[in-house]
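Engineer: Here is my input, please return the structure:
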Amino acid sequence: MNTYNMVKQRFIKKWINTLHMLDSSIEHPLNVTERKNAIRLSSDLAIAAARSGSTVWSRALISRSGNKTTNKPMARRILKKARNRMKNRCRTLRRNGNFTAKVGVRKRTEFLKSLVPGGELIDDKDYLIRETLDYIVYLRAQVDVMRTVAAVDLVTGNVTNDRRNK
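Structural biologist: So this is what the prediction gives:
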């Protein structure tokens, strides 16, 4: 099995777990906006947990989601293991103020850093590119899985509606 399919499988497993945890922790029905935010949060947590906090971008997503969410106990349960890894690895990150690239390269590098979660902490260009490529693979897997789920939901929703109309 190729690596990309393994990434998608890990994401699916983590996303299902986060959705179950989310569902069990909700005390009241959600409106559309709350539901959208909950799905986005669970998806971000799942993609970061699938990477187990082993990259800067996954640790940044974990950290960012912990700050944004109003349902902190759920986020803590989902990411307990990844948070421990994140704490240990973040201690080793250092910022190096020396940046001697040309202006155009520097601007593009800064833009890339702004796109990748946690990218602003990375000063090594090679490492930034590796992190970006890894993040792209996981984002692509996330999008593919979510499109598949949406397509299945659309088909099953049509079948359910057809049965109700008969």
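Engineer: in what helix or strand does residue 41 lie?
Structural biologist: Using DSSP states H and E, residue 41 sits within helix 32-50.
Engineer: pLDDT of that helix, averaged?
Structural biologist: In this model, helix 32-50 has a mean pLDDT of 85.
Engineer: Show me the shaky parts of the chain.
Structural biologist: 1-2, 25, 66-103, 157-166 (pLDDT under 70).
Engineer: for this structure, what's the longest helix?
Structural biologist: For the chain, the longest helix by residue count, based on DSSP state H, is helix 125-165.
Engineer: what packs against it?
Structural biologist: Contact here means 3 or more Cβ pairs under 8 Å, 6 or more residues apart in numbering; DSSP states H and E; on that basis helix 125-165 packs against helix 3-25, helix 32-50, helix 56-68, helix 103-115. Using the backbone N, CA and C atoms, a C-beta is placed for each residue, glycine as well.
Engineer: Deepest-packed of the ones you listed, please.
Structural biologist: Mean neighbours per residue, mean count of other Cβ atoms under 10 Å, is largest over the helices and strands packed on helix 125-165 for helix 56-68, with a mean of 20.
Engineer: Could you list every helix and strand that that helix packs against?
Structural biologist: Against helix 56-68 (3+ Cβ pairs under 8 Å, 6+ apart) you get helix 32-50, helix 72-90, helix 125-165.
Engineer: rewinding a little: so can I have JSON lines of the helices and strands packed on helix 125-165 showing distance to residue 144?
Structural biologist: Formatted as JSON lines, the helices and strands packed on helix 125-165 follow (distance: least, Cβ to Cβ, whole Å):
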{"stretch": "helix 3-25", "distance to residue 144": "6"}
{"stretch": "helix 32-50", "distance to residue 144": "12"}
{"stretch": "helix 56-68", "distance to residue 144": "18"}
{"stretch": "helix 103-115", "distance to residue 144": "20"}
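Engineer: can you pull the contacts of the nearest residue in space to residue 137 that is not next to it in sequence?
Structural biologist: In space, and not counting its chain neighbours, residue 137 is closest to residue 7: 6.0 Å by Cβ to Cβ, 6 or more residues apart in numbering. Residues counted as contacts of residue 7 (Cβ atoms under 8 Å, 6 or more residues apart in numbering) are 50, 137-138, 141.
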